[in-house]
Structures are given as structure tokens and as C-alpha cells.
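*Asks:* show me how the following folds:
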Amino acid sequence: MRLGLVLGYWGAAPTPGFVELAQEAERLGFDSVWTAESWGSDVFTPLTWIAAHTSRIRLGTGIAQLAARTPTATAMHAMTLDHLSGGRMLLGLGLSGPQVVEGWYGRPFPRSPLTAVREYVEVIRQVLRREKPVTLDGRYHSHPYAGSDGTGLGKPLKPILHPLRAELPILLGAEGPKNIAQTARIADGWLPLYWSPERADLYAEPLAAAKPGFMVAPMVHARVCADVEEGLAPIRAMLGFYIGGMGAQSRNFHADLMARMGFEAEARRIQELFLAGRREEAIAAVPTAFADEISLVGPRERISERLAAWHASPVTDLLVTSRDSQTLRTLAELVL
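*Replies:* Residues are numbered from 1 along each chain as shown. Below is the predicted model of the structure:
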């Protein structure tokens, strides 16, 4: 099982010391470092800055939002950074949700998400393979553009730049069973949001079509500390926000995922409280058991014991969300 460092996206200002943390992860033997985007900092620029200050660690987007760029623009970013870094790029992609896609990017959320993702990946694959000009007769990502509001003058093109790797790894963030099953068929890896090694059987069927070498790389909050409840407090706060507020009451992918994991009543209660403006109560309603089983928190001995279940699961890469150097060192010692 490899280790990755998750840096996420910036808040009101650049995260202090993010380059130094990536360098420390590289020294410790971490395989990858991952950045993110939501509606603030973008996912590629910090990763490029990290690439310039490291030499070995792989560079992942976790995740690049599909609505932010056309598939050809995303492919341009990926193959450019792959060249600059000497072949270290991992392209993680995801749809996000209707609230962000329509509220921030000003674009319609696709009525058929599976089709939209499949076409997006297909266009990127064509760009990276550079076998012929890109063409796709699609519902969402036709190339050349075929809409009635166009000029009809578009012509198929292939990239001027020769990609460093035609098979640059593409990973997808997917939560629903159908999305996970499609990910296993068309991608090189999966980025689960909430992964419980105790419930790995939930994903056995959707992952059945995965090819050899397929990456299963969940993002895991980790903290070495004496008090488990105290260590879980920020994780419960994060879950309260995502499950309660990152989506509408009728459509929240995070809440739906929590429900499928056996916490349906709790997920709906968190939503109800958060959307009523009772944020602190929503956070308090996050079950400690749920926060704990998708995290690695507590004394070193406890984390060591709990890692056995992660090793026994299909997980290939443990992507650690932590900005604490001691936690990173401890995990490197226990895992690597």
C-alpha cells in the first residue's frame, strides 16, 4: 500500500508551508501529493509549483472539476505538467455537484452524469494518444462542436505538443455504484471520498471490472494524538459541512453516500439541521463511529492496529489528509 499526501484547496490565502510539507512527504517515501479545487484556488497551479520544488513524488489532481474546463483544456494542462515534471502526473477528475457546477461555473449539471464523464475521459484519451485528430459524436462533448449555435467551421485537430505518456493515469472521483462501476471500466483508478475498510464489500461488485493495476486511492483524515474524541472533532466538523451543506436537500451526493454506508437517518438529520441554519447542531449530530471508521486517529498503537483492515482491503494508495509532520512520519513508519 502506497502513501499519498492530500493538501486540498486553499482557504482565504495560500496554505502556509504547503511546498515544505510536500518535500517532507517526498523525503519520507510518500508516492504522491494531491491538490484540489472548489471555488477558489485552482488545482493545477499549486501542483506545478510543487513539481518545481520536488524530484520524485507523483503529482495528482484530487480532483480537477470537469465543469471548470473543456476536456481538451484539461488534457493540455495534464500533458504540459507531465512534461515539466518528467512524467509524474496523475489526473484525477470529478463532476462535483449541481450547486457548484451551476452556481459557480454557470453551466448546467448534466442530466446524464455517466455519459458526460465517459465522453470527457474519451476526449482526453484521444488527445493523449495523439493517433489522429480528436473526433467525438457525443451528447455533451462533441468534437468538432456540432451545436446549432455554432458556425459549422470547426475542424478536427490533434495536439501540437507530443504527450510524454500516451497512457497518463486517469482517476475518477465517483460515489454512486453505477459511477464506480463505470470508473472501473474506463479509468486507471478510483478516488473514493469516504472509505471504510469495514464496508469494503459494498464495492466488490462495482469494482469487479477493474483491470490489473487499477488504483483504489481513498482520502483518509489522519492524526496521531492521545485523545481520539479530540482528534475526530475537526473531521466531524468537516463532515457536518459536506453532508449538511454541500448540496441541496433533494440532491446531496455526500449525504447519499453516508446513507448507503449504513447511516441514513443520521445523514438526513445532519442535512435537516444544517439547512435550517443550525450548523453547530449539525456537526454534533455527526456520529463519532462514522467519523472514526473513515479516518485514522488516535495514539500510534491504535492507528497501527486499525491499519490492518486497510491493508486487507482493495486499497492500493492511502491518501493522507494531514498537515502534521509527526503524523506523516508515523504513517510512513507504519505503512512503508
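*Asks:* what about the strands in this structure?
*Replies:* Using DSSP state E, the strands of the chain run over 2-8, 32-35, 58-61, 64-65, 89-94, 170-172, 189-190, 215-216, 219-224, 295-298, 317-321.
*Asks:* helices and strands around the fourth one, which ones?
*Replies:* Spelled out, it's strand 64-65. Packing partners of strand 64-65 (3 or more Cβ pairs under 8 Å, 6 or more residues apart in numbering; DSSP states H and E): strand 89-94. C-beta coordinates here come from the backbone N, C-alpha and C atoms, glycine included.
*Asks:* sheet partners, orientation included, of the strand it packs on?
*Replies:* The strands beside strand 89-94 in its sheet (DSSP bridges) come out as strand 58-61 (parallel), strand 64-65 (parallel), strand 170-172 (parallel).
*Asks:* show me how far the least confident helix or strand in the chain by mean pLDDT is from its chain's centre.
*Replies:* Ranked by mean pLDDT, DSSP states H and E, the helix or strand of the chain with the weakest confidence is helix 253-258, at a mean of 86. Computed by Cα atoms, centre = their mean, to the nearest Å, the chain-centroid distance of helix 253-258 equals 15 Å.
*Asks:* what's next to that helix, contact-wise?
*Replies:* With contact meaning Cβ atoms under 8 Å, 6 or more residues apart in numbering, helix 253-258 is reached by 97, 175-176, 193-194, 239, 242-244, 246-247, 264, 266-268, 270-271, 290.
*Asks:* quick check on these: which are buried?
*Replies:* 97, 175, 193-194, 239, 242-244, 246-247, 266-268, 270-271, 290 (16 or more other Cβ atoms under 10 Å).
*Asks:* quick one, which of those residues has the minimum pLDDT?
*Replies:* Within the set of the buried ones among the contacts of helix 253-258, pLDDT is lowest for residue 247 (66).
*Asks:* pLDDT below threshold where in this protein?
*Replies:* Flagging of the chain using pLDDT under 70 yields the residue ranges 247-250.
*Asks:* residue 46 contacts residue 22, correct?
*Replies:* No: at 9.3 Å, residue 46 and residue 22 do not qualify as touching, with contact defined as Cβ atoms under 8 Å.
*Asks:* identify the contacts common to those two.
*Replies:* With contacts taken as Cβ under 8 Å, 6+ apart, residue 46 and residue 22 have residue 7 as neighbours in common.
*Asks:* report the separation between the spatially closest residue to residue 239 that is not a sequence neighbour and residue 37.
*Replies:* Of all residues not flanking residue 239 in the chain, residue 286 sits nearest, at 4.8 Å (Cβ to Cβ, 6 or more residues apart in numbering). Here the criterion is Cβ to Cβ, to the nearest Å. By it, residue 286 lies 25 Å from residue 37.
*Asks:* neighbour count for these two, which is higher?
*Replies:* Between residue 286 and residue 37, counted using other Cβ atoms under 10 Å, the more crowded position is residue 286 (27 against 22).
*Asks:* can you get me a residue count around the closest residue to residue 52 other than its chain neighbours?
*Replies:* Distance criterion Cβ to Cβ, 6+ apart; nearest residue to residue 52, sequence neighbours excluded, is residue 84 at 7.8 Å. Residues lying near residue 84 (other Cβ under 10 Å) number 14.
*Asks:* so what's residue 84 up against?
*Replies:* 48, 51-52.
*Asks:* just the buried ones from the residues you listed?
*Replies:* Buried among these by 16+ other Cβ under 10 Å: residue 51.
*Asks:* turn the contacts of residue 84 into CSV, including distance to residue 66.
*Replies:* Formatted as CSV, these follow (distance: Cβ to Cβ, whole Å):
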residue, distance to residue 66
48, 20
51, 23
52, 26
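*Asks:* quick check, nearest of the contacts of residue 84 to residue 168?
*Replies:* Within the contacts of residue 84, the smallest distance to residue 168 is 14.3 Å, found for residue 51 (Cβ to Cβ).
*Asks:* for that closest one, list the residues it contacts.
*Replies:* Neighbouring residues of residue 51 by Cβ under 8 Å, 6+ apart: 59, 81, 84-85, 88.
*Asks:* can you check residue 19 too?
*Replies:* Taking Cβ under 8 Å, 6+ apart, we find residue 19 in contact with 49-50, 53.
*Asks:* cool, and residue 210?
*Replies:* Taking Cβ under 8 Å, 6+ apart, one finds 184, 190 in contact with residue 210.
*Asks:* and stretch 74-92, what's buried?
*Replies:* Across stretch 74-92, burial judged by 16+ other Cβ under 10 Å covers 74-82, 85, 88-92.
*Asks:* now for the spatially most central residue of the chain: which residues touch it?
*Replies:* Among the residues of the chain, the one closest to the centroid is residue 62, at 3.7 Å (Cα atoms, centre = their mean). Contact partners of residue 62, counting by Cβ under 8 Å, 6+ apart, are 6, 34-36, 43, 92, 173, 191, 219, 319.
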